[in-house]
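Novice: Structure for this input, please:
(one chain, ligands or ions: 2)
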Amino acid sequence: MTSSPLKVAVTGAAGQIGYSLLFRLASGALAADRPIELRLLEITPALKALEGVVMELDDCAFPGLAGVEIGDDAEKVFDGVNLALLVGARPRGPGMERGDLLEANGAIFTTQGKALNKVAADDVRIGVTGNPANTNALIAMSNAPDIPQDRFSALTRLDHNRAISQLAAKTGAPVADITKMTIWGNHSATQYPDLFHAEVGGRNAAEVVGDQAWIENDFIPTVAKRGAAIIDARGSSSAASAASATIDAARDWLFGSAEGDWVSMAVRSDGSYGVPEGLVSSFPVTTKGGDWSIVQGLEIDDFSRGRIDASTAELAEERDAVKGLGLI
Ligand SMILES: NC(=O)C1=CN([C@@H]2O[C@H](COP(=O)(O)OP(=O)(O)OC[C@H]3O[C@@H](n4cnc5c(N)ncnc54)[C@H](O)[C@@H]3O)[C@@H](O)[C@H]2O)C=CC1
Ligand SMILES: O=C([O-])CC(=O)C(=O)O
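Specialist: Ligands and ions are numbered 1, 2, ... in the order given. As a prediction, the model looks like this:
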């Protein structure tokens, strides 16, 4: 183990996702070879509950956990952090879409963007899980003018993992045989999980499935509406799977995606694949040494074009709405 700890901030640390995420981070799921220092941000009324979670972290005696600090002041908690996982935000309830949270949650990300801009480490990477994740990332980025914009991303890795799992179940292939999955667009019901570039054991996934009706009427809606299905079943939104995906995304970002494969991340568009520049939209990306690059040169047919355009149109609407609210 190298001696300098990776300083990782987690917001909303006393929440549902936090309760799974912190223990995975502390046990080495993010960086097995490097100790980790946790910086946990909560709102003041949740600090007592967070103290209880810290007692439990202590009781695990994790050898790789170098320290834990908690607080309700973003500038103190984010001081010198190398990675900020912005989870804290109100989750949706039954019957809501994630976009309904724009106003309630948007304000959180202006304050946190400004605080990161002031005090985060020069190498900071910022992953946004709190919904609506893409537009919250856009808000944080817009309020942190000194941090390079490619340091911000929003979580679509949960959708990516859901898509892999659904495809594995359909084809009978192990999840490890599924590669090159892509989620395009928004982390919302308009997202487009793409089977036309994915592979099952090296063969084109859409061809292996050979059933366009299943792709359109089962696969895409099941993945896109999985969050709502979990809310219906559990009475609250997905937490352990969201924590797991948050770690998958951060680990690959910091330490690199697998050779010959790619992952889905929502990042600032440079105009690739006709996605309007400046929107935080999900793309297929490869990652290396803390940097990502959008996979280029994929052929997009009319079906995929329509789906990508619909989701990015929603992102443009969300951007215009937060502009109207003065958040960007
Ligand atoms: N991108 C994705 O794939 C997913 C995103 N989510 C989103 O993650 C967010 C958190 O979900 P849960 O943990 O289930 O919610 P939760 O309600 O259990 O926890 C949220 C926590 O955030 C805290 N919080 C609120 N404002 C804060 C602020 N300004 N600073 C710091 N902490 C603050 C609350 O006190 C609470 O403890 C929600 O917005 C949810 O919709 C959930 C699942 C998947
Ligand atoms: O659906 C929700 O509101 C929570 C979430 O983002 C997900 O599970 O994908």
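
Novice: burial of the residue in the stretch 51-200 of the chain positioned nearest to ligand 2, as a residue count?
Specialist: Residue nearest to ligand 2 within the stretch 51-200 of the chain (C-beta to the nearest ligand atom): Arg92, separated by 4.3 Å. (C-beta placed from N, C-alpha, C; glycine too.) With neighbours defined by other C-beta atoms under 10 Å, the count for Arg92 comes to 21.

Novice: Just list the residues touching it, thanks.
Specialist: Arg98, Asp100, Leu101, Asn131, Ile231, Ser237 (C-beta atoms under 8 Å, 6 or more residues apart in numbering).

Novice: Determine which residue belonging to this protein approaches ligand 1 most closely.
Specialist: With C-beta to the nearest ligand atom, the shortest gap between the chain and ligand 1 falls at Gly15, namely 2.0 Å.

Novice: Hmm, Leu86 and that residue touching each other?
Specialist: No. Gly15 lies out of contact with Leu86 (C-beta atoms under 8 Å); the separation is 11.9 Å.

Novice: ok, these two, which is more surrounded?
Specialist: Set Gly15 next to Leu86 and count neighbours by other C-beta under 10 Å: Leu86 wins out with 28 against 23.

Novice: From Val81, how far out is Ala115?
Specialist: 10 Å (C-beta to C-beta, to the nearest Å).

Novice: what sits against Phe219?
Specialist: Ala163, Gln166, Leu167, Lys170, Pro193, Leu195, Val209.

Novice: Kindly apply the preceding question to Leu167 instead.
Specialist: By C-beta under 8 Å, 6+ apart, the contact set of Leu167 is Ala173, Ile178, Met181, Leu195, Ala198, Val200, Ala205, Val209, Phe219.

Novice: where does it land on pLDDT?
Specialist: Looking at Leu167, its pLDDT reads 98.

Novice: does it sit in a helix, a strand or a coil?
Specialist: Using DSSP: H, G, I helix; E, B strand; the rest coil, the three-state assignment for Leu167 comes out as helix.

Novice: and which of the contacts of Leu167 is nearest Asp73?
Specialist: Nearest to Asp73 among these is Met181, at 39.3 Å by C-beta to C-beta.

Novice: That closest one and Gly306, how far apart?
Specialist: In terms of C-beta to C-beta, Met181 sits 20 Å off from Gly306.

Novice: Is there a neighbour count for Asn134? I'd like the number.
Specialist: For Asn134, the neighbour count with other C-beta under 10 Å is 31.

Novice: so it makes contact with Asn186?
Specialist: Yes. Look at Asn134 against Asn186 with C-beta under 8 Å: they come within range, at 5.3 Å.

Novice: shared neighbours of those two, which are they?
Specialist: Common contacts of Asn134 and Asn186 (C-beta under 8 Å, 6+ apart): Ala266, Ser281, Ser282, Leu315, Glu318.

Novice: one step back: now rank the contacts of Arg92 by neighbours and give me the top one.
Specialist: Counting neighbours by other C-beta under 10 Å, the top entry in the contacts of Arg92 is Asn131, with 28 neighbours.

Novice: Ramachandran angles for that residue?
Specialist: Main-chain dihedrals, Asn131, degrees, to the nearest 10: phi -90, psi 150.

Novice: Next one, pLDDT for it please.
Specialist: Asn131 carries a pLDDT value of 96.

Novice: isn't it right up against Asn105?
Specialist: Yes. The pair Asn131 / Asn105 is scored as a contact, 6.7 Å apart, by C-beta under 8 Å.
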